[in-house]
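*Asks:* what's the 3D shape of this:
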Amino acid sequence: MNMLFRYLLSLTLVGAALLANVRAQSPALLTKLQQREFHVAAHRGAHMDYPENSLESLKEAINLGASIVEVDVRATKDGVLLLMHDNTVDRTTTGTGKISELTYAEVKALYLREQPHGKASVHHVPTLEEALSVCKGKIIVDLDFKEENEVYVRPTLELVQKMGMEDEVLFFLYDYKDMERVSRINPAITMFPRARSMKDIQKILKTKRTQIIHIDASFQDRAALLQLHAQGVFFWINSLGEVDEKAEVAGEAAYRDFLAAYPFVRIIQTDNPKLWNQTLITYKKQ
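*Replies:* Just a heads-up that it's a prediction; the model follows:
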């Protein structure tokens, strides 16, 4: 038995064991994901049309047919959870200063900019609760917890529970080693970790805490990844940056090339959910 075969066999056994006995994730959320061959995740909402992380960008992502929306979570000086990617308000609002040094009242008085460093819009920075209310029953929410103070992880997950959205939320983790600690707060909320190697994937699956994994373009072991794909593992890959920019010029062809390069992908995060959804409609007809 050669080394490659042994490696593929080990991945197969790990994947089969995972699907047979997953300890912590939402079965209802998995059912939603299984209903589509591909999922489009709108990065910071539909921010090509509305300010990023605004309520309108979330509503537009829903209107465009995205099935997941990614939002960034931070906390104000007085502990209010809101949507903001940066640790300052400088780039996306009419104000200046660190979120952690501003009160909610101060942030609420600001206006979001139409584009980074652009002119002011009529929209304000939403709270996480407001954002979840807009999305409830309409779209899966990927919470990208950007807040440096980890004490706010618990109130974030408690808010999800309070709003009855445990079956509608993914909680993204930059380090899969945090899964155990975060899952103790509420094991019903689906952890969504990033893997940086095939070994990371094995370790994530062995935890039996999730089958939704963020990978990137460096993953090229097609045979192993396709096996796990067939066993129900959901691989998330970003088309942000170069691929999305290429699609602005080449149109749907750029996204079809992306699907050909990563046949194991199930979830695609993009800055252009409208074009991705159009591509997937024609792609399925082929």
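
*Asks:* name the helices or strands packed onto the lengthiest strand in the chain?
*Replies:* Across the chain, the longest stretch assigned as strand under DSSP state E is strand 68-75. Contact partners of strand 68-75 among helices and strands, from 3 or more CB pairs under 8 Å, 6 or more residues apart in numbering; DSSP states H and E: strand 39-43, helix 55-63, strand 81-83, helix 128-135, strand 140-145, strand 265-270. All C-beta atoms are positioned from the backbone trio N, CA, C, and that covers glycine.

*Asks:* now that strand: mean pLDDT?
*Replies:* Summarised as a single mean, pLDDT over strand 68-75 is 98.

*Asks:* send the alpha carbons of stretch 160-173 over as CSV?
*Replies:* Output of stretch 160-173 as CSV, limited to C-alpha atoms (Å, rounded to 0.1, in the frame of the first residue of the first chain):
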residue,chain,number,x,y,z
VAL,A,160,-27.7,34.4,18.6
GLN,A,161,-29.4,32.0,21.1
LYS,A,162,-31.7,34.8,22.4
MET,A,163,-32.9,35.5,18.9
GLY,A,164,-33.5,31.8,18.1
MET,A,165,-31.0,31.8,15.3
GLU,A,166,-28.7,28.9,16.2
ASP,A,167,-29.8,27.1,13.0
GLU,A,168,-29.0,30.2,10.9
VAL,A,169,-25.5,31.2,12.0
LEU,A,170,-22.0,30.1,11.2
PHE,A,171,-19.3,31.3,13.7
PHE,A,172,-16.0,31.7,11.8
LEU,A,173,-12.7,30.8,13.6
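
*Asks:* taking strand 265-270 as reference, get the angle to the longest strand of the chain.
*Replies:* Taking axes from the mean of the first three to the mean of the last three CA atoms, to 10 degrees, strand 68-75 and strand 265-270 form an angle of 60 degrees between their directions.

*Asks:* kindly provide the distance from the residue lying closest to I68 once chain neighbours are set aside to Q269.
*Replies:* Nearest residue to I68, sequence neighbours excluded (CB to CB, 6 or more residues apart in numbering): A41, at 3.8 Å. Summarising the geometry, the distance separating A41 from Q269, computed by CB to CB, to the nearest Å, is 4 Å.

*Asks:* same check on I185?
*Replies:* I185 sits at a distance of 25 Å from Q269 (criterion: CB to CB).

*Asks:* then E106?
*Replies:* Counting by CB to CB, the gap from E106 to Q269 is 31 Å.

*Asks:* out of the two, which sits in the busier spot?
*Replies:* When neighbours are counted by other CB atoms under 10 Å, Q269 comes out ahead of the other of E106 and Q269, with 24 against 16.
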